[in-house]
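> From the sequence below, what's the structure:
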Amino acid sequence: MVVREDRKELIIDNAVGIFAEKGYYKATTAMVAAGAGVTQPYVFHFFRNKEELFNAVVTRAAGRICEIFNRIEAPADRLMDTMGNAFLQIMSTHRDEILLLMQAYTIAEPGIRAVVREKFGMIYDEVVAKFEQARVPNVREAASQFMGTGLLIAQSEVLELPRLLWCNHKAAQPE
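Have a look, this model is predicted:
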C-alpha cells in the first residue's frame with residue numbers, strides 16, 4: 001500500500017523530470033500528474049499550485065546538498081575537495097534535481113526567487129559552518145568561491161561544455 005508521503009514524493013520525483021524537460025513556464029501540473037499516475041486534483045491536494053510544487057523540488061534538492069555536506073568529515077586541506085566530490089556525486093545521482101536548483105534563480109517569479117534565495121543561503125551557511133569547524137582560512141571567501149565553482153559546474157553540465165571547468169576533475173579534461 002502506497003502511503004500519503006510516498007505519493008507526495010512520487011509527485012515531486014515526476015515534477016523534477018517534467019520541469020527539467022519543459023522548463024518551469026511550459027511545465028504543467030497536468031503533465032506532472034500524468035507522469036505520477038495520479039489526477040491533477042490529487043497533485044493540488046499536496047501543492048496549492050505549480051509554484052509551490054517547484055519550490056518543493058528546490059527545497060528537496062537544497063536539503064540533499066546540506067545533508068551530504070553536513071555528514072562530511074575531512075581535514076581543512078582536503079575538505080573542499082571532499083565536499084566538491086560529494087557535490088559531483090549528488091549531481092550524478094540526482095542530476096535533474098540539482099541542475100534545477102542551480103538554475104532556479106533565473107525564474108522571475110517572486111515566490112520562487114524568495115525560496116531559492118533562502119535555500120542558497122542555507123547551503124552557504126552549511127558550507128561556512130563546515131569550513132569554520134575545519135578552520136579553513138578566510139572562511140566566507142572560501143565558501144563563496146566553493147559555491148561559485150558549484151554554479152560553474154552546473155553551467156558546464158547544462159551546456160555540455162566541460163572545458164568551462166578549471167578544477168582538477170576528470171570532467172574538466174579538454175575535449
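
> In terms of helices and strands, where is residue 124?
helix 110-133 (DSSP states H and E).

> What is the subsequent helix or strand relative to that helix?
Following helix 110-133 in sequence, per DSSP H and E, is helix 139-159.

> what's the distance between that following helix and the middle of its chain?
With C-alpha atoms, centre = their mean, to the nearest Å as the basis, helix 139-159 stands 12 Å off its chain's centre.

> List the buried residues in that helix.
If you call a residue buried by 16 or more other C-beta atoms under 10 Å, then helix 139-159 has these buried ones: 139, 142-143, 146-147, 149-150, 153-154, 156-157. For the C-beta atoms, the positions are set from N, CA and C on the backbone; glycine is no exception.

> Include pLDDT when you put these into CSV, please.
Below are the buried residues of helix 139-159 laid out as CSV (pLDDT from 0 to 100):
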residue, pLDDT
139, 96
142, 96
143, 97
146, 95
147, 95
149, 90
150, 90
153, 87
154, 86
156, 88
157, 85
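
> Any idea how far apart the tips of stretch 14-30 sit?
11 Å (C-alpha to C-alpha, to the nearest Å).

> from the buried residues of helix 139-159, which single one is nearest residue 43?
Minimum distance to residue 43 across these is 27.2 Å, recorded for residue 154 (C-beta to C-beta).

> Just to check, that closest one is in contact with residue 99?
Yes. Counting by C-beta atoms under 8 Å, residue 154 does reach residue 99; the two are 5.6 Å apart.

> hey, what's in contact with both of the two?
residue 91 (C-beta atoms under 8 Å, 6 or more residues apart in numbering).

> what is the rounded mean pLDDT of the helix holding residue 124?
On average, the pLDDT along helix 110-133 is 97.
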